[in-house]
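J.: fold the stuff below for me.
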Amino acid sequence: MASTEPQVPAAVADVERLAQLTPQALAMLGELVEQSQWNQTFDDWRVFFDSGAIYVVRAHAGRFLASGAVLPMGESRPGCLASVTGRGVAWISMILVTPASRGRGLGRLVFRECLRHIQAQGRIAMLDATPAGEALYARFGFEVLWRLTRWRREGRPATAPAPSPSRPDIDGLAELDQEALGFSRRSLLRALLERPDSRCVRHAQGFAVVRSGRVAHHIGPLVAADEAAAIAVLQDVAARYAGPLLIDVPDERPRLREALLEAGFAPQRGFARMALALAGQCVPRGQTHFIHAVAGPEFA
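T.: Presented below is the predicted three-dimensional model:
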């Protein structure tokens, strides 16, 4: 495969898997997020490190110039994954490059290492691509499954009490979530819901996880029986939070789109959910009509 990007200088051509998530490393990863104007927190980086892998490219002085993360998911539903190993899928995300280092092929370099990591495990690689990244991933053989859009609502006064802390039935939520996705991410949901500032807003026919981000609270996943149930959950969340809100919604949700506009949300940018299966594998496809907001492009 021919590269259309400039060659990476030899001095920064090595990709390193982080062996320790030190305070200094967390600070540098946080700088990459801030420079890219993304919403992830130190807690998000800890999820990648504890359950998957973080790859970086360093400058001479040791500063991080680029990053990438791999997050293995659980097993797929029976019959969904026709692979010899049955290892399921893994997510690629956090392909970040410092503004001064862009255009030098570093993002492509760290992405290739993430993909190599996943394929060595016999897993299917999946990701949510930004418009800038979609063409690159397509050249590696990734195919678009469906598209989604990030929506943002700026801060406004809350009209209902803030959600109270609760201990939701994580196993029950994980079963619904797995039915929607086609693969399990039970450990991820547990990690998100056990954060002190996370809340689960649950109705009879749907639920949403709301967690703190660097610049806004993030709504997702939002899993519901239909759009009407999803709208009810969304409206409940929007009424209870005063600060900025982000949510990533599949494009084939016309009624939810109208509800987002009415609630003061505006579209920011699109993403494409993409997957790359090896020979003998098939991409797990769940009951995607239950997915009304993803957990975020970093978490599936």
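J.: and Ala295, what's its pLDDT?
T.: In this prediction, Ala295 carries a pLDDT score of 98.
J.: quick check: it touching Val209?
T.: Yes: when contacts are counted by CB atoms under 8 Å, Ala295 is listed as touching Val209 (7.2 Å). Yep, even glycine has a C-beta here, placed from its N, CA and C like the rest.
J.: what touches both of these two?
T.: Jointly contacting Ala295 and Val209 under the rule CB atoms under 8 Å, 6 or more residues apart in numbering are 192, 220-221.
J.: which of these lies closest to Ala272?
T.: The shortest separation between Ala272 and any of the shared contacts of Ala295 and Val209 is 16.8 Å, and it belongs to Gly220 (by CB to CB).
J.: is it correct that the closest one falls within a helix?
T.: No: inclusion of Gly220 in a helix is not indicated when DSSP: H, G, I helix; E, B strand; the rest coil is applied; the result is strand.
J.: neighbours of it, how many?
T.: The tally of other residues near Gly220 (other CB atoms under 10 Å) stands at 23.
J.: could you find the closest non-adjacent residue to it?
T.: Distance criterion CB to CB, 6 or more residues apart in numbering; nearest residue to Gly220, sequence neighbours excluded, is Ala293 at 4.1 Å.
J.: beta partners for that neighbour?
T.: The bridge-partner assignment for Ala293, based on DSSP bridges, gives Leu222.
J.: ok, it to Leu256 distance?
T.: Shown here: Ala293 relative to Leu256, a distance of 9 Å by CB to CB, to the nearest Å.
J.: give me the more crowded residue out of the two.
T.: Ala293 (28 against 22).
J.: distance check, that one against Pro250.
T.: Spatial separation of Ala293 from Pro250 under the definition CB to CB is 8 Å.
J.: for Glu179, same thing?
T.: For Glu179, the distance to Pro250 equals 16 Å [CB to CB].
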